[in-house]
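# Sequence and predicted structure below; questions after.
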Amino acid sequence: MKSSVSVPSGSVLVRVATGVSTLAAAVWLGGILVLGAIVAPIVFHEVPAPTSADAMTHVFLRFDKLALVALLVAAVAEAVAGRVAPPRSAVETVRLVCGALAGVLAVVQASWLSPAIADLHAQGAIRGLGALGEALEVMHKRSELCGKTEVLFLVGFLALTAFRGSSSRPA
């Protein structure tokens, strides 16, 4: 008796890969929004400095790892979908560019901005006070801009995923 293993058809594989990619991007986006809109404002308002800054530095460094994992999962899923059914529309191309740009920003955040902020905090920097504080202010503004831009690209990626429907990548 032969056993047969059913291999998903191309369209099913593309849908599964797109679902995985969408879920990873949604977790990533949700994390940024929760940290930026809820956690950070509460911690900085309720917890005295410098403890608040130290705590949020650890939180952001840990979140950066989650964002990079989500990026990796989304990128692998998109590579699988692209291998089965390459992008065939402008919407699909713009969607992938949005995802890629969000990914670049996540890497910039995790490899440069967050570590620089953590280093400045470790040196005792307080935003706006002295040379270290001014450097911290600059890095913090860059980090905020990076995060907000990342949010825009992730929203674009997710919106265009919903917009494209199932007909853009026939298998």
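Structure received. These numbers come from a predicted model, not from an experiment.
# hey, let's count contacts and neighbours off CA atoms from now on
OK.
# burial count for residue 68?
When neighbours are defined as other C-alpha atoms under 10 Å, residue 68 has 18 of them.
# What ranges in the protein fall below the confidence cut-off?
Residues of the chain meeting the criterion pLDDT under 70: 1-9, 165-171.
# Could you rerun that using 90?
Within the chain, the ranges that satisfy pLDDT under 90 run 1-11, 44, 49-50, 53-54, 84-89, 124-129, 163-171.
# those helices in it, which residues are they?
For the chain, applying DSSP state H gives helices covering 10-34, 40-46, 51-84, 90-108, 114-122, 130-164.
# Would you mark the buried spots in the fifth one?
Read that as helix 114-122. Across helix 114-122, burial judged by 16 or more other C-alpha atoms under 10 Å covers 114, 116-118, 120-121.
# Tell me the helices and strands packed up against that helix.
On a contact count with 3 or more C-alpha pairs under 8 Å, 6 or more residues apart in numbering; DSSP states H and E, helix 114-122 meets helix 51-84, helix 130-164.
# That one vs helix 90-108, what angle?
Per axes from the mean of the first three to the mean of the last three C-alpha atoms, to 10 degrees, the angle that helix 114-122 makes with helix 90-108 is 30 degrees.
# Now tell me what touches helix 114-122 from outside.
Helix 114-122 has contacts (C-alpha atoms under 8 Å, 6 or more residues apart in numbering) with 53-54, 57, 60-61, 132, 135-136, 139-140, 143.
# quick one, that helix and helix 130-164 angle?
150 degrees.
# Only C-alpha atoms, please: export helix 114-122 in PDB.
Backbone C-alpha positions of helix 114-122 (Å, rounded to 0.1, in the frame of the first residue of the first chain) are rendered in PDB as follows:
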ATOM      1  CA  SER A 114      18.700  51.600  20.000                       C
ATOM      2  CA  PRO A 115      22.300  50.700  20.900                       C
ATOM      3  CA  ALA A 116      23.400  54.300  20.700                       C
ATOM      4  CA  ILE A 117      20.600  55.400  23.000                       C
ATOM      5  CA  ALA A 118      21.400  52.600  25.400                       C
ATOM      6  CA  ASP A 119      25.100  53.600  25.400                       C
ATOM      7  CA  LEU A 120      24.200  57.200  26.100                       C
ATOM      8  CA  HIS A 121      21.900  56.200  29.000                       C
ATOM      9  CA  ALA A 122      24.700  54.000  30.300                       C
END
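# Among the contacts of helix 114-122, name the buried ones.
Taking 16+ other C-alpha under 10 Å as the criterion, what is buried in those is 53, 57, 60-61, 132, 135-136, 139-140, 143.
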